[in-house]
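Asker: What follows is a predicted protein model with its sequence.
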Amino acid sequence: MDCTRCNNRKCHEGEQCAAVSFDTNQVIKAYHNEQNIVQAAAQLVDFGRAGTLSRLQELVEFSKSMNFQTIGLAYCYGMENDAFLISSHLRTMGLKVEAVSCTVGGLVQSAINQTSNICKVACNPIGQARQLNAKKPDLVVTMGLCMGHDILFNREIKSDTTTLVVKDRAHQHQPLRALLETTNQ
């Protein structure tokens, strides 16, 4: 299946195409088991709201709609100032925040990566996830985790997780700008 190469786009009209490899009835049942999230997400998108809120505003509204109390924030230490501002904002909005830097535990690079001779602090996404797991947040928000580290973090974290910021140092954390640069050449 490659939806980007489809010419008829039947799914946009509510029709199923022949390339679908899942049982539609089972998928619908799965959504019925997730009605709280389905309805909270719909409140952010339906009735002309799509595109009217920032991702941060959506995070706050979604959290309140879901009656979340505690937000875990897993962030890159290179974004510490931004993480402080976001944590402060979320607290102002009535949410408790457990913010954990990727340097949690103070592990050195040579301890994590057996082929490394670097003795500086290492990112510790597994420890970061385990620290947050111990606090049992209602929702975890990731912010600027490195490529690969985000994969390890997502494998380890036990809470529902969403991304607020994707790291892209070359494009001020806006990865789609790379695509725009490529298509404009």
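Answerer: Right, received. Where do you want to start?

Asker: CA atoms for contacts and neighbours, from now on please.
Answerer: Will do.

Asker: per-residue confidence averaged over the longest helix seen in the chain?
Answerer: Counting residues, the longest helix found in the chain (DSSP state H) is helix 80-92. Mean pLDDT, helix 80-92: 97.

Asker: Are we agreed that residue 97 is in a strand?
Answerer: Yes - under DSSP: H, G, I helix; E, B strand; the rest coil, residue 97 falls within a strand.

Asker: quick one: low-confidence parts of this structure?
Answerer: For the chain, applying pLDDT under 70 flags the ranges 170-173, 176-177, 185.

Asker: change it to 90
Answerer: For the chain, applying pLDDT under 90 flags the ranges 1-21, 23-24, 43-52, 109-122, 166-185.

Asker: what sits up against the longest helix of the chain?
Answerer: With C-alpha atoms under 8 Å, 6 or more residues apart in numbering as the test, helix 80-92 has contacts from 60, 73, 75, 96-97, 99, 101, 143.

Asker: Can you point out the buried residues in it?
Answerer: 80, 83, 86-87, 90 (16 or more other C-alpha atoms under 10 Å).

Asker: what do you get for stretch 37-45?
Answerer: Those buried within stretch 37-45 under the rule 16+ other C-alpha under 10 Å are 40-41, 43-44.

Asker: What about residue 140, how many residues nearby?
Answerer: Per other C-alpha atoms under 10 Å, the neighbour tally for residue 140 reads 26.

Asker: which stretch of helix or strand covers the residue nearest to the spatial centre of the chain?
Answerer: With distances taken as C-alpha atoms, centre = their mean, residue 163 lies nearest the centre of the chain, 1.9 Å away. If you go by DSSP states H and E, residue 163 is part of strand 161-165.

Asker: how about the helices of this structure, start to end?
Answerer: Using DSSP H, the helices found in the chain span residues 24-32, 35-45, 55-65, 80-92, 109-112, 125-135, 149-156, 176-183.
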